[in-house]
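> for reference, the sequence and a predicted model appear below.
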Amino acid sequence: QVHLVESGGGLVQAGGSLRLSCAAEENRSIFIINTMGWYRQAPGKQRDLVALITTSGSANYADSVKGRFTISMDNTKNTVYLQMNSLKSEDTAVYFCYAGSGGSMSTWGKGTLVTVSS
């Protein structure tokens, strides 16, 4: 089993910044992480991709966050970070950490709430 532990959510004013972290804790797992990242789900909406990064450093972003958010990964710690700048009210959502093996295995964190006040 791979257990994802998220942190860093909270309340911030529009224009402000937050940094999310997600650490993958493994317990005798054969789940070899290839990709980590973040999705978000606003009230009444579907869960959407925010950003993903592979262990080789290749990243991709949703168009809505390009230029404002930066994803990074510390492979030695199996930890992914999301630096969020110039936050907007429409960024308000529950942010879910994701980890995938590149194959059929994947897992999700429980989510952390980000609220941006206008």
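Received it, and whenever you're ready, just let me know what you need.

> assign a three-state SS to Glu90, would you?
What DSSP: H, G, I helix; E, B strand; the rest coil gives for Glu90 is helix.

> around it, how many other residues sit close by?
11 (other C-beta atoms under 10 Å). C-beta here means a position set from N, CA and C on the backbone, and glycine is covered the same way.

> now His3
Look at His3: counted by other C-beta under 10 Å, it has 14 neighbours.

> OK, contacts around it?
Going by C-beta atoms under 8 Å, 6 or more residues apart in numbering, His3 touches Ala24, Glu25, Glu26, Asn27, Thr107.

> restricted to strands, list these.
If you go by DSSP state E, these have Ala24, Glu25, Glu26, Thr107 in strands.

> before we move on, the earlier item: output the contacts of His3 as TSV; include the columns distance to Ser64.
Below are these laid out as TSV (distance: C-beta to C-beta, whole Å):
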residue	distance to Ser64
Ala24	26
Glu25	30
Glu26	32
Asn27	35
Thr107	25
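
> just to revisit the earlier point, can you tell me which of the ones in strands among the contacts of His3 are buried?
Ala24, Thr107 (16 or more other C-beta atoms under 10 Å).

> so can I have TSV of the contacts of His3 showing distance to Thr76 and pLDDT?
Listed next are these as TSV, based on distance: C-beta to C-beta, whole Å; pLDDT from 0 to 100:
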residue	distance to Thr76	pLDDT
Ala24	12	93
Glu25	14	88
Glu26	13	77
Asn27	18	65
Thr107	20	93
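
> now the residue minimising distance to the centre of the chain: which helix or strand?
Most central in the chain under C-alpha atoms, centre = their mean is Trp38, positioned 2.5 Å from the mean C-alpha point. Per DSSP states H and E: Trp38 is located in strand 35-41.

> confirm Ser64 sits in a strand?
No. Under three-state DSSP, Ser64 falls outside any strand and is assigned helix.
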